[in-house]
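In: predicted model and sequence follow; I will ask about them next.
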Amino acid sequence: MNSQTTITKVLQGLVLVHLSFSVWSGKKKLRPEDLKGANLPPDKLASLGSKRIFAPDALKVFATLKRQAERACEEVGVRFLGGYAIPEEKLIPLMEKMEQIEQSFATAKTDFLSAYDDNLKDWLAEAGEWSEIVARAVEPASRVAERLACGFTAFKVEAPGEAVSATQPLERQVEGLADQLIHEIGALAKSTWEESYRGRTSVTRKALRPLKSILDKLSSLSFVGPDKISALVANVNAALATVPRSGPVTGATLMSLVGVLCELSDIAGFITTEERDEMLQPLPEPEVDPASPSITPTKTITRRPQPAKQVEAPAVWFW
């Protein structure tokens, strides 16, 4: 199979999703006149920072929605050509999430703009003696509205043709997909270990969710580099197959899961030698609470009355 055929086969199974978010920062560049004649170093030595001209809490919702869209793409796709390469079978569920995020962004934008003037007054009051430098930089709501936007585009990518000079750049990008996927999975594996497995001798079934997400992403994108990805898929599958159907995960099964996370993190270069040794260290025996002494229930014994025996006192009581 030649390189042109390989590129075509990989690209046929992918859809490129590009996110278009514009989020107003609520900041402006700090100017020398804002500092009331303070003695400042020359520009070649230092530069002034920024000033907040609007309450940052009121803008958090837009950054949150942008991150939600990025995370949704990262869960099923891999970074590619400035967007995300998504397996075709994952596209429809992803588009449904994107549409929900787009609607939430539009609602948040309407609410933000309707309260813009009131929030600005509150921010100026909070600025106190510095309110003048904020007021000079204030933007009208109409200008701010232009800087708040959310959108997404899904499209197919095709090789340009048979010309080597036209094909080679795209070929290099396609060949790098497997390594990019391993890099992203490695970062996810490292964070999963740190958040859910590190230092624990037992985990709940909730800790299996990120590992199952890793498996799903690897499996659905394995065709971008089967020689590098297939073995990783098999290893994750084998580890998850040892997990009991119910109850906490402990012992050898837990070690197997941590071992897979170590492999995925290590191959991508996300862990140090010390962290690798820590991950592969045998788990300590779980502490067992001392058993409470068992109390045997009292048995009721029924005795039949016996005839009294004649007891004779000993001849000598003391000697």
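Out: Cool, the structure landed.

In: and V249, how many neighbours does it have?
Out: 20 (other CB atoms under 10 Å). C-beta: built from backbone N, CA, C; applies to glycine.

In: ditto for K29
Out: Count around K29 with other CB under 10 Å applied: 11.

In: name the nearest residue to it, ignoring sequence neighbours.
Out: Once flanking residues are discounted, K29 sits nearest to S50: 5.8 Å by CB to CB, 6 or more residues apart in numbering.

In: where is the longest helix in the chain?
Out: helix 91-114 (DSSP state H).

In: show me what secondary structure element comes after it.
Out: helix 116-127 (DSSP states H and E).

In: so what does that next one touch, helix or strand wise?
Out: Counting contacts by 3 or more CB pairs under 8 Å, 6 or more residues apart in numbering; DSSP states H and E, helix 116-127 packs against helix 131-135, helix 141-146.

In: which parts of that helix are buried?
Out: 116, 120, 123-124, 127 (16 or more other CB atoms under 10 Å).

In: swap in stretch 142-152?
Out: In stretch 142-152, counting by 16+ other CB under 10 Å, buried: 144-145, 148, 150, 152.

In: what residues sit buried inside the stretch of helix or strand E263 belongs to?
Out: Taking DSSP H and E as the criterion, E263 maps to helix 251-267. By neighbour count on 16+ other CB under 10 Å, the buried set for helix 251-267 is 253-258, 260-267.

In: thinking again about what came up before, what packs against the longest helix of the chain?
Out: strand 14-22, helix 60-76, helix 141-146, strand 149-155.

In: and the contacts of it?
Out: 15, 17, 58-59, 61-62, 65, 68-69, 72-73, 76-77, 86, 141, 144-145, 148, 150-152, 154 (CB atoms under 8 Å, 6 or more residues apart in numbering).

In: if we use 6 Å, what do you get?
Out: 15, 61, 65, 68-69, 72, 76, 141, 145, 148, 150, 152 (CB atoms under 6 Å, 6 or more residues apart in numbering).

In: check the offset of it from the chain's centre.
Out: 21 Å (CA atoms, centre = their mean, to the nearest Å).

In: flag every buried residue along it.
Out: Quick answer for helix 91-114 (16+ other CB under 10 Å): 91, 94-95, 97-98, 101, 104-105, 108-109, 112.
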